[in-house]
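> This is a predicted model, with the sequence first.
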Protein chains: 2
Amino acid sequence: MVQNLVYPKKKQNTVNRYDSRGTYDLHTIHQIINSTPVLHVSFTPSPEDPFPAILPMIGVMGSFEYPSADLNEPLDCYLHGYVSSRIMRLARGSSKGIPVCIAATKVDGLVLSLTPNSHSYNYRSAVLQGYAQVVETDQEKLYAMQKITNKVVQGRWENTRIPPDNVEMTSTTILRVKIETGSGKVRQGGPHDEAKDESRADITDKVWTGVVPVYETFDSPIPSATNKVEPIPEYIQKYVQTTTAENRQIAHNAVKEP
Amino acid sequence: MVQNLVYPKKKQNTVNRYDSRGTYDLHTIHQIINSTPVLHVSFTPSPEDPFPAILPMIGVMGSFEYPSADLNEPLDCYLHGYVSSRIMRLARGSSKGIPVCIAATKVDGLVLSLTPNSHSYNYRSAVLQGYAQVVETDQEKLYAMQKITNKVVQGRWENTRIPPDNVEMTSTTILRVKIETGSGKVRQGGPHDEAKDESRADITDKVWTGVVPVYETFDSPIPSATNKVEPIPEYIQKYVQTTTAENRQIAHNAVKEP
């Protein structure tokens, strides 16, 4: 098993501010991408348009060539979502693929300190940069669709009506992003105040300091009006409960100093 | 009071796919921005760099000129966060400001349908495009710092050691983004399947369909090792409980068809 692979530090991905929080570790970065339901994907619509664009998309790390690859190995990012005709047209019209930036951020806590300036969040963020191409073969498309569906709920793909029919295959577009570089940032711990404030009783007697843990809760599943399956299948119940428990644990672990 | 103002539909912000979910309503868009703890801000680092960059930042809508403006009125977006020297240098070196794209997405539910292709999320997303300039005056900086701190916890600013001292004022950089255009997307409701699948008992007898509500939970505050204020102040307790309850209510309301 390859261990502790890191993304190369280049000018565009080097973490400068609070650089002790920076990470280039593939496993850490890929894990943040995979555990974030919606990613933000930025691209340049056209040379004439001054503004970059951002699309919310579902995405997951994977390797069609080496499907058994671990999260700490080089992986592509497969994207599916509200793909505007603009990004698809651009990707189809480019042999190398179009340059994109992919971002994911998880907030783990509100960090409340003595002064506004030292307030912070506990969080995990990841940014990837790479070239997005349209996936052409049905085999790779199916590989990505399965991974993306199982990102929404683990085990969901095999518990739905599969395989997708011809119309569904044709109407689905998946982007494969070859990653050029990436970086992450992780902030953990309690508030950090300066001695000039901590030494003043008029401040410390008045200002509460600490952390409010923040995490994403998956609530009890609500059946649709046409649902005929009872009770709620165990793989869904288990996934919902496990995800919430893990999210909560991460938020509480983040309160401790790293 | 100005009502139902909308952002102008331009080429770059018009929602094409699932356009019935699109919104240009200022109040809806500003509300999504204000209720998202971390925003993603995209900019073009340099003409030589092919990739757009994305920074996670804290941001809030506001108007220094008309502080009493409502959310449905034209507002600027004030940003504070891990401002890389790159974006600051770019913003300082530009008279008009640098073009940025700001994105916020809230996931409200996992929408589980009969087929992988019709799976979805309930969500609210907002995208703004505008020109970012560095805030120069102390008065406007203080206005923005107060709004940003009170976004983390309502009422927090006035319950900390304020005002910021000279060193804190000098070391803090705030960007003001003049918004050129914006759009939002809101998906609500249960799964939508096609008649060809809903009419087949072998599928509907096997596949559970429904929604898993998803929301951000603010857990009980955990005092720091040096905290001297007991019990936890009411404005914090109330904010934490109210926010979690409201987030949960939004996720459950989203299960119903709009």
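Looks like it arrived, so ask away. These numbers were taken from a predicted model, which means no experiment stands behind them. Residues are numbered from 1 along each chain as shown, chains lettered A, B, ... in the order given.
> CA atoms for contacts and neighbours, from now on please.
Fine.
> Residue A:161 and chain B: what is the separation?
For residue A:161, the distance to chain B (C-alpha to the nearest C-alpha, to the nearest Å) stands at 5 Å.
> Could you do residue A:48 as well?
11 Å.
> got the phi/psi numbers for that residue?
phi -80, psi -30 (degrees, to the nearest 10).
> That one: neighbour count?
7 (other C-alpha atoms under 10 Å in any protein chain shown).
> contacting residues for it?
By C-alpha atoms under 8 Å, 6 or more residues apart in numbering or on different chains, the contact set of residue A:48 is empty.
> And the pLDDT at it?
pLDDT recorded at residue A:48 is 86.
> and if you look at the one 5 residues further on?
In the prediction, the pLDDT value recorded for residue A:53 is 96.
> residues contacting it?
A:42-45, B:12, B:42, B:101.
> again, only this time at 10 Å
A:40-46, A:87, A:100, B:12-13, B:42-43, B:52, B:100-103, B:127-129 (C-alpha atoms under 10 Å, 6 or more residues apart in numbering or on different chains).
> So which bits of stretch A:184-198 are buried?
Neighbour counts over stretch A:184-198 (16 or more other C-alpha atoms under 10 Å in any protein chain shown) mark A:184-193 as buried.
> near chain B, from those residues?
A:185, A:189-193 (C-alpha under 10 Å from any C-alpha of the partner chain).
> can you give me the helices in the stretch 101-250 of chain A?
A:138-152, A:166-171, A:195-198, A:201-204, A:234-253 (DSSP state H, counting those that start in this stretch).
> any idea which of those is most buried?
Ranked by mean neighbour count, the helices of the stretch 101-250 of chain A are led by helix A:138-152 with a mean of 19 (mean count of other C-alpha atoms under 10 Å in any protein chain shown).
> tell me the angle it makes with helix A:234-253.
60 degrees (axes from the mean of the first three to the mean of the last three C-alpha atoms, to 10 degrees).
> What helices and strands are in contact with helix A:138-152?
strand A:53-62, strand A:76-81, helix A:166-171, strand A:175-187, strand B:98-112, strand B:120-134 (3 or more C-alpha pairs under 10 Å, 6 or more residues apart in numbering or on different chains; DSSP states H and E).
> Quick one: closest of those to residue B:160.
strand A:175-187 (21.8 Å; C-alpha to C-alpha).
> pretty sure residue A:172 is in contact with residue A:145, am I right?
Yes: counting by C-alpha atoms under 10 Å, residue A:145 is a contact partner of residue A:172 at 9.0 Å.
> Mind listing the shared neighbours of these two?
Contacts common to residue A:172 and residue A:145, judged by C-alpha under 10 Å, 6+ apart, are A:80, A:164, B:117.
> Name the nearest of the residues you listed relative to residue A:22.
Checking the shared contacts of residue A:172 and residue A:145 one by one against residue A:22 (C-alpha to C-alpha), the nearest turns out to be residue A:80, at 27.9 Å.
> Identify the bridge partners of the closest one.
residue A:58 (DSSP bridges).
> What's the separation between it and residue A:139?
16 Å (C-alpha to C-alpha, to the nearest Å).
> for residue A:174, same thing?
12 Å.
> From residue B:57, how far off is residue A:53?
Residue A:53 is 17 Å from residue B:57, by C-alpha to C-alpha.
> That should have said residue A:163, apologies.
41 Å.
> which parts of stretch A:151-167 are buried?
A:151-157, A:159-161, A:164.
> ok, back up a step: which stretch among the helices of the stretch 101-250 of chain A comes nearest residue A:22?
helix A:234-253 (18.3 Å).
> Does chain B have contacts with the closest one?
Yes: contact between helix A:234-253 and chain B, assessed by C-alpha under 10 Å from any C-alpha, occurs at A:236-237, A:240, A:244, A:248, A:251-252.
> pLDDT and distance to residue B:66 added to these, as a markdown table?
Shown next, in a markdown table, are the residues of helix A:234-253 next to chain B (pLDDT from 0 to 100; distance: C-alpha to C-alpha, whole Å):
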| residue | pLDDT | distance to residue B:66 |
| --- | --- | --- |
| A:236 | 98 | 49 |
| A:237 | 98 | 49 |
| A:240 | 98 | 45 |
| A:244 | 98 | 42 |
| A:248 | 98 | 40 |
| A:251 | 98 | 38 |
| A:252 | 98 | 40 |
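> closest to residue B:28 among the residues you listed?
residue A:244 (28.1 Å).
> Give me the neighbour count for the spatially closest residue to that closest one that is not a sequence neighbour.
Nearest residue to residue A:244, sequence neighbours excluded (C-alpha to C-alpha, 6 or more residues apart in numbering or on different chains): residue A:217, at 5.1 Å. Using other C-alpha under 10 Å, residue A:217 has 23 other residues around it.
> List the contacts of residue A:217.
Residue A:217 neighbours (C-alpha under 10 Å, 6+ apart): A:240-241, A:243-248, B:212-218, B:244, B:248.
> cool, residue A:193 as well?
Per C-alpha under 10 Å, 6+ apart, neighbours of residue A:193: A:112-115, A:117-119, A:209, B:226.
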